[in-house]
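Asker: Okay, sequence plus prediction incoming.
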Amino acid sequence: MVRERADWEGYRERMLKRIADFEQARAIFDEERAKFDVDKKAEEWGREGLKNKLHNAEQQLAKEKAEFKRICERDNERAFAARNKIVDLEAKVAELTVKVEAAQAAKQQIEVELAETKVQFDLRTLHFQVVELVLQFLNLITRTILLPHQLLEIIPGSGIRHLNTQHLHLGIPPG
């Protein structure tokens, strides 16, 4: 029995040692499990937080896409209006260019006509000057012809009011 008792005691010590090891392992396990649960909850919260962040980011992206689309539409409208205005202005420029060319052609025509008129006016002026000089010359000749011997015939009140150029050319006395 002593032997049995010694075996028993050995067995009991081994069991107590195993129980202590088990308790120690269980405490470590519980600590690890608590850490795992904390980590699991942290991961779940992190996942939830990331899901919320993702959801918020998706909402923000949707808002920004809508804003971007609205801005693009507004810019497209502005660009379309600007393009229409440019086309209209180009048409006006073409129209005004045609008008300017027509006005320049009319100006050149008027300048040509003015130059012709000026030449004609200069010719008329010269013609009048020539006629005036001829009349002065004829008047001078008439005076020299009539003065010596026909001076008494040309007196006021005798009915001769003007001298005919034909008389002057031919040397015919008036009357």
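Answerer: Thanks, I have the structure now.
Asker: now the helices: where do they sit in this protein?
Answerer: Along the chain, the stretches classed as helices by DSSP state H are 2-150, 165-170.
Asker: so what does the longest one touch, helix or strand wise?
Answerer: Just to be clear, that refers to helix 2-150. helix 165-170 (3 or more Cβ pairs under 8 Å, 6 or more residues apart in numbering; DSSP states H and E). The way it works is simple: take the backbone N, C-alpha and C, and place the C-beta from them, glycine included.
Asker: Let me see the mean pLDDT of the helix it packs on.
Answerer: Averaged across helix 165-170, pLDDT comes to 47.
Asker: now do stretch 20-36
Answerer: Summarised as a single mean, pLDDT over stretch 20-36 is 91.
Asker: mind checking pLDDT for residue 130?
Answerer: The pLDDT attached to residue 130 in the predicted structure is 81.
Asker: follow-up on the earlier one: by mean pLDDT, show me the worst of the helices of the chain.
Answerer: Taking the mean pLDDT of each of those, the lowest value is held by helix 165-170, a mean of 47.
Asker: coming back round to it: output the helices of the chain as TSV; include the columns mean neighbour count.
Answerer: Written out in TSV, the entries for the helices of the chain read as follows (neighbours: other Cβ atoms under 10 Å):
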stretch	mean neighbour count
helix 2-150	10
helix 165-170	13
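Asker: Distance-wise, check the residue nearest the centre of the chain relative to residue 38.
Answerer: Residue closest to the mean C-alpha point of the chain, counted by Cα atoms, centre = their mean, is residue 86 at 7.1 Å. Separation of residue 86 from residue 38 (Cβ to Cβ, to the nearest Å) stands at 68 Å.
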